[in-house]
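Visitor: sequence and predicted structure, then a few things I'm wondering about:
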Amino acid sequence: MITGLQLAVLSGGLIGLGLALVVARLLPAEPDLADALERVSSTRNRANTNAAAARTGKERLGLWGMRVLPPGVWVRTPTRELALLRISVAQFYGEKLTFAGLGLLIPPGLTLLFNSLGLGLPLQIPALASIGLAAVMFFIPNYNALDEARKARVEFARALGAYIDLVALERHNGIGVRQAMEAAAEVGDSWVFTRLSEELTRSRWSGLPPWDALHTLAEELGLPELDDFADIMRLSGEEGASVYATLRARSAAMRTAMLNEEIAQANAVGERMTIPGSLLGVIFMALLVAPSLLRMFTTA
């Protein structure tokens, strides 16, 4: 049976959510240009229709938020990280709204549980907790995107070192610049080689030099190692320079840098592991000295 306090908590939550939606609806929002052009266009192809039908619930929620909510609500969007992870902005915004909604619902649910156990809570506590938890959980997708992108960049750098070695071998065998880059990209089956192969294929059909395509990809995803490789291949393609030794040296330098970073991380973990050992030593010494001190104080 619902008590008066439980009813008040639910009513307050629903009223607060309704007021938030009304305020968000009244605030000015920038329309999505692509979506607006798609709505007014009379020639919608089947691919766009299928893509819209295949959107997930988070993407639809994110598109709704982009149309209704003001741009300042999102604070900061990690564009490079999302492009690296191949996560659409709409899906990212939908995930943020989903986490915020969960943050709003968790405190009232816990309040109802506590009230059912006879532990009454003031109405202000779940209201403030809902707002605070929603604000904190709203930024959890940002942290997840940054963390996953950091891991993806490390994996990209490792695969790029192998790719550079393959390109160097292809060039050493006398194969052209574009052919060497495309052939090396087709060797691996990881997402890094697939991404490189897609960019090189797109540049071939668009008529752009392959190093320009990789340079654009490096700027878009924030990958300085790929940018350096594109500069080396530009020298080989435009000036005909021999880059075999340069490529091998670059891949060796990348592997050395990654090895040094892993060694530094291992040393940091080892230093942190010495702290529990030191504490155990202090506790052991205290246990040895404690009986003597107790006898000393009792006899005195």
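Guide: The structure has been received and is ready for your questions. Residues are numbered from 1 along each chain as shown.
Visitor: quick one, strands of the chain?
Guide: All residues of the chain lie outside strands when identified by DSSP state E.
Visitor: need the helix or strand of it with the lowest average pLDDT.
Guide: Sorting the helices and strands of the chain by mean pLDDT, DSSP states H and E puts helix 46-53 at the bottom, at a mean of 40.
Visitor: let me see the contact set for Asp228.
Guide: The contact partners of Asp228, by C-beta atoms under 8 Å, 6 or more residues apart in numbering, come to Arg250. Using the backbone N, CA and C atoms, a C-beta is placed for each residue, glycine as well.
Visitor: same check on Leu217?
Guide: Each residue near Leu217 by C-beta under 8 Å, 6+ apart is listed here: 195, 199, 223, 226.
Visitor: how about the residues you listed, which pair is most distant?
Guide: Farthest-apart pair in the contacts of Leu217 is Glu199 and Leu223; separation 11.6 Å (C-beta to C-beta).
Visitor: quick check: Asp165 touching Tyr244?
Guide: No: here Asp165 does not reach Tyr244: they are 10.4 Å apart, not a contact under C-beta atoms under 8 Å.
Visitor: nearest residue to the middle of the chain?
Guide: Of all residues in the chain, the one closest to the mean position by C-alpha atoms, centre = their mean is Ala145, 1.3 Å from it.
Visitor: how many residues are close by Val269?
Guide: Val269: 9 surrounding residues under other C-beta atoms under 10 Å.
Visitor: for the one 5 residues further on, same thing?
Guide: A count of neighbours around Thr274, defined by other C-beta under 10 Å, yields 9.
Visitor: would you check that Arg153 makes contact with Leu223?
Guide: Yes: between Arg153 and Leu223 there is a contact under C-beta under 8 Å: 6.6 Å.
Visitor: quick one: mean pLDDT for stretch 182-194?
Guide: For stretch 182-194, mean pLDDT rounds to 88.
Visitor: residues in contact with Leu214?
Guide: Leu214 makes contacts with 196, 199-200, 226-227, 229-230, 233, as judged by C-beta under 8 Å, 6+ apart.
Visitor: need the residues you listed in JSON lines with neighbour count and distance to Asn173, can you?
Guide: JSON lines is the format used below for the contacts of Leu214 (neighbours: other C-beta atoms under 10 Å; distance: C-beta to C-beta, whole Å):
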{"residue": "Leu196", "neighbour count": "27", "distance to Asn173": "19"}
{"residue": "Glu199", "neighbour count": "20", "distance to Asn173": "23"}
{"residue": "Leu200", "neighbour count": "21", "distance to Asn173": "18"}
{"residue": "Leu226", "neighbour count": "24", "distance to Asn173": "23"}
{"residue": "Asp227", "neighbour count": "17", "distance to Asn173": "26"}
{"residue": "Phe229", "neighbour count": "27", "distance to Asn173": "19"}
{"residue": "Ala230", "neighbour count": "22", "distance to Asn173": "21"}
{"residue": "Met233", "neighbour count": "26", "distance to Asn173": "16"}
